[in-house]
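Colleague: sequence and predicted model, in that order:
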Amino acid sequence: MTAQETVVAAPVISAVQRAAQPVIPRPTRAGSTAPEDALLDAACERAVAGLLAQQRADGHWSYRLETNVCMEAEYVMLGRILGRFDEARERRIVARILGEQQSDGGWPVYAGGPSDADCTVEAYVALRAAGLAADHPAVSAARDRISALGGVAATRVFTRMWLACCGLHPWEPLPELPPEILLLPTRVPLSLPRFASWARATIVPLTVVLTLRPATAAIVLGAHELPDGSKPADARRKAPSGVVATGFRGLDKALHAYRRSPWQPGRARALRAAEAWILEHQEADGGIGGIQPPMAYQCLALHALGYRNGNPALDRAWNAFEGFILEDETTCEVQACLSPVWDTGLAMLALSDLGLPRDHPALVRAASWLLERECTAVGDWAAVRRRLPAGGWPFEYDNQLYPDVDDTAIVLLALQRVELPAAGLDAVRRGLRWMVGMQSRDGGLGAFDADNTGKLVGRIPFCDFGAVTDPPSADVTAHVVEACAAWGLAGAYAPVQRMVRWLLRDQDADGAWFGRWGVNYVYGTAAAIPGLVAGGLHRTHPAVQSGLDWLLSVQNEDGSFGEDCATYDDPSLRGRGDATPSQTAWGLQGLCSAGEARSGAAARAARWLMEQQGEDGLWRDSRYTGTGFPRDFYLRYHGYAAYFPAAALGRYRAMRPAVGARKAHGVPMKLVSKGAVTLAPVEEA
């Protein structure tokens, strides 16, 4: 099941039908509500100072990336399994976990959300492993909440696998995930390339874990201490039904029988292939995929294969996992990922929008740092784009095998705002060629893979958590259109025309766009509007106006915007939630791109941001506004409340005097002239 199929999809209507829809009255001109120029200038100057103060010495930015307590709980469990636990650090982790416990005794997937069975069970086990007694008030409250949520039976496969690894749950009820999946040809519907990049990096180690079933007595609880329970009828994750689901359940029974058979041809070879895959995909820092789940699961897999502390491969893997830790004397937090490339590109764009010149030392240093992070290795994406040369940029410090289309678009936009040497322009050409080459057949772009839209892989019993495919999304596609346009590849360039047509098809009936990587419709809509305008649509185009109308309809009276993560579960809540600076910044950018920089709506949004600005010149989000997996995993990017509001105020200030005029940042680079680089669609393998 794809990310967008987990929500109720609004019907797609044609541009002709949309043009016939009534347009709500335009907002009044700003008039006296517009911020005074001197106050706006002062706010922009403070934002510049705030961003520059947070730039690292080597030129990059990197902000805290906060998520739920499963990160800390799994660190504790893994440390106990591997014999690498640090009791002093565990005490600091306990402080972090207890600080996030809700009044009902549970823990949520996102701040302010309902208590979640997976988070609560894993937090409970971590607290007990770290030494809290079963009758500790917080532990007792958590156990009561686990019972109320349906017990262990209500948890995902991942959680029950962690319990099994700790000796707290039987292996037999868990679904099989055979390593033979690595031996399937690419064109088979369930072959490894059919899964998204993050799913591949997770699944391969887990084929080893679920096959070898390493059980330890790493954590000892009392008999029946964890309530088994039963999955409630109103569970967030429904058991799949239908002919396909029945078929997969039958296949899982057959695989369980195969496990018990003395004759298992190919099993040893498949395990060797999985082991080789893990070792080959370890980056220089020991990580895989740049995110927490593969980091942890490769440690479990290597340990199950007999690797022990002191082995270089296992030591590198553990050190990479520990690289996500933020701690002080009282608390310890485990991040799900690091986002330095993303943060640096967006901070550069914000500073440029605020008026820093192309040759400013801060921008030049940042550009040099980004150029050093270019991906030059051929990664898994080549399984379906075999003729496409390497290029692009990752999300993290070290992730050569997994460049990110979205990050590449942002980096290309940022580099267009800076004076670059000839070598830098060569990197831009390679990045553009790779990014455009990752376009899917339908015209859109996903984050890491092309044409990664299969539905069958999401139906296997193991996949009961998160998105396992990477279909095109509006936010990524729109960012790519902007990047192409910034470098002179728009207008008549066929791939960009296909992207624009995809965006028009993807618009919902009410004018909004679904946000795949940010919460949610505010993010998607505020990304799509600038993309369409950059792609050649006039701001009076019906699709742009319909998107604008939707933004105006959800804007709060005080000018702010806010949307809760719950909108992924209930789309009727779209555009509603507590106001945040990052989402207000997205709304303001959408208004400005649609030609409303001089409107009262834009003025109110700008005023709200100015009123919320901190003494350091930046802002703070109280809610999670980043999306990992819709409905399952969310993040609070602490950088979002720094660079997005700064960029929005800068763009508002620049566009307010002359609505409709395009501000050119440099001279477009003619990448398809003189035969130097041909950015034509790449042939399919």
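Modeller: Thanks, I have it.
Colleague: tell me how many other residues surround A382.
Modeller: By other CB atoms under 10 Å, 16 other residues sit near A382. Backbone N, C-alpha and C define where each C-beta goes, glycine included.
Colleague: now it: closest residue in space, sequence neighbours ignored.
Modeller: Among residues not flanking A382 along the chain, L388 sits closest, at 6.7 Å (CB to CB, 6 or more residues apart in numbering).
Colleague: same check, this time on F561
Modeller: G587 (3.6 Å).
Colleague: and the one you found, that one's in a helix?
Modeller: Yes - assignment of G587 by DSSP: H, G, I helix; E, B strand; the rest coil places it within a helix.
Colleague: distance of it from W550?
Modeller: According to CB to CB, to the nearest Å, G587 and W550 sit 10 Å apart.
Colleague: so which of these two has more stuff around it?
Modeller: Legend: neighbour count by other CB under 10 Å for G587 and W550, higher for G587 (31 against 24).
Colleague: any weak-confidence spans in the protein?
Modeller: Along the chain, the model assigns pLDDT under 70 to residues 1-32, 235-239, 658-685.
Colleague: run through the strands of it in chain order.
Modeller: 65-66, 325-327, 332-334, 626-629, 633-637 (DSSP state E).
Colleague: the third one pairs with which strands?
Modeller: Under the criterion DSSP bridges, strand 332-334 sits next to strand 325-327 (antiparallel) in its sheet.
Colleague: residues making contact with the strand it pairs with?
Modeller: 64, 75, 89, 92, 332-335 (CB atoms under 8 Å, 6 or more residues apart in numbering).
Colleague: neighbour-wise, which one of those residues leads?
Modeller: Ranking the contacts of strand 325-327 using other CB under 10 Å puts Y75 first, with 26 neighbours.
Colleague: give the contact list for that one.
Modeller: With CB under 8 Å, 6+ apart, Y75 has these contacts: 93, 296, 321, 325, 334.
Colleague: quick one, phi/psi of the residue nearest to A382?
Modeller: phi -90, psi 120 (degrees, to the nearest 10).
Colleague: for it, the count of nearby residues, please.
Modeller: 19.
Colleague: my read is that it contacts R430, right?
Modeller: No - applying CB atoms under 8 Å as the test, L388 and R430 come out as separate, 10.6 Å apart.
Colleague: what's near enough to touch the residue nearest to S62 when sequence neighbours are not counted?
Modeller: Computed as CB to CB, 6+ apart, the closest residue to S62 that is not its neighbour in sequence is P340, at 4.0 Å. With contact set as CB under 8 Å, 6+ apart, P340 has these partners: 60-62, 396-397.
Colleague: same thing with R373?
Modeller: 341, 393-394, 397.
Colleague: most surrounded residue in the contacts of Y75?
Modeller: I93 (28 neighbours).
Colleague: which non-adjacent residue is nearest D285?
Modeller: D398 (4.5 Å).
Colleague: can you report how many residues lie near that neighbour?
Modeller: 16.
Colleague: any idea how far it lies from A527?
Modeller: 27 Å.
Colleague: do W502 as well
Modeller: Taken as CB to CB, the span from W502 to A527 is 13 Å.
Colleague: ok, the two, which is more surrounded?
Modeller: A527 (30 against 20).
Colleague: break the protein into its domains for me.
Modeller: 4-65+338-453+468-655, 68-219+243-334 (automatic domain parsing).
Colleague: which of those sits closest to L226?
Modeller: With CB to CB as the criterion, L226 lies closest to domain 68-219+243-334 of the domains of the chain, at 5.7 Å.
Colleague: and the helices in the stretch 101-250 of the chain?
Modeller: 117-129, 137-149, 157-165, 197-212, 243-260 (DSSP state H, counting those that start in this stretch).
Colleague: what residues are up against the nearest residue to R249 once chain neighbours are set aside?
Modeller: Distances taken as CB to CB, 6+ apart put P461 closest to R249, at 6.6 Å, once the chain neighbours are dropped. Counting by CB under 8 Å, 6+ apart, P461 makes contact with 157, 175, 248-249, 252.
Colleague: picking that back up, please report the distance of the residue nearest to A382 from V411.
Modeller: For L388, the distance to V411 - CB to CB - is 18 Å.
Colleague: again, but for T540
Modeller: 31 Å.
Colleague: who has more neighbours out of those two?
Modeller: V411 (32 against 11).
Colleague: now the residue of the chain most remote from its centre: phi and psi?
Modeller: What lies farthest from the middle of the chain is P262; by CA atoms, centre = their mean that is 42.8 Å. When read as degrees, to the nearest 10, the backbone of P262 gives phi -70, psi -20.
Colleague: contacts only, for V69.
Modeller: 96-97, 100, 107, 119, 122-123, 126.
Colleague: returning to that earlier point: hang on, isn't the residue nearest to F561 packed against N556?
Modeller: No - using CB under 8 Å, G587 is not in contact with N556, being 9.4 Å away.
Colleague: now the contacts of P340 in a markdown table, with distance to D407?
Modeller: Output for those, formatted as a markdown table (distance: CB to CB, whole Å):
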| residue | distance to D407 |
| --- | --- |
| H60 | 13 |
| W61 | 13 |
| S62 | 13 |
| E396 | 9 |
| Y397 | 12 |
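Colleague: which two in those residues are spaced the farthest apart?
Modeller: W61 and E396 (13.4 Å).
Colleague: and the residue lying closest to C70 once chain neighbours are set aside, what does it touch?
Modeller: Nearest residue to C70, sequence neighbours excluded (CB to CB, 6+ apart): E122, at 5.1 Å. Applying CB under 8 Å, 6+ apart to E122 gives the contacts 69-70, 73-74, 77, 159, 162.
Colleague: one more time with 6 Å
Modeller: 70, 73, 159 (CB atoms under 6 Å, 6 or more residues apart in numbering).
Colleague: and stretch 535-550, which residues are buried?
Modeller: 535-537, 539, 541-550 (16 or more other CB atoms under 10 Å).
Colleague: what are the boundaries of the helices in the stretch 551-685 of the chain?
Modeller: 581-593, 600-612, 640-655.
Colleague: tabulate those (JSON lines), appending distance to P185.
Modeller: JSON lines is the format used below for these (distance: least, CB to CB, whole Å):
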{"stretch": "helix 581-593", "distance to P185": "43"}
{"stretch": "helix 600-612", "distance to P185": "52"}
{"stretch": "helix 640-655", "distance to P185": "41"}
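Colleague: and those: which comes nearest A422?
Modeller: helix 640-655 (28.6 Å).
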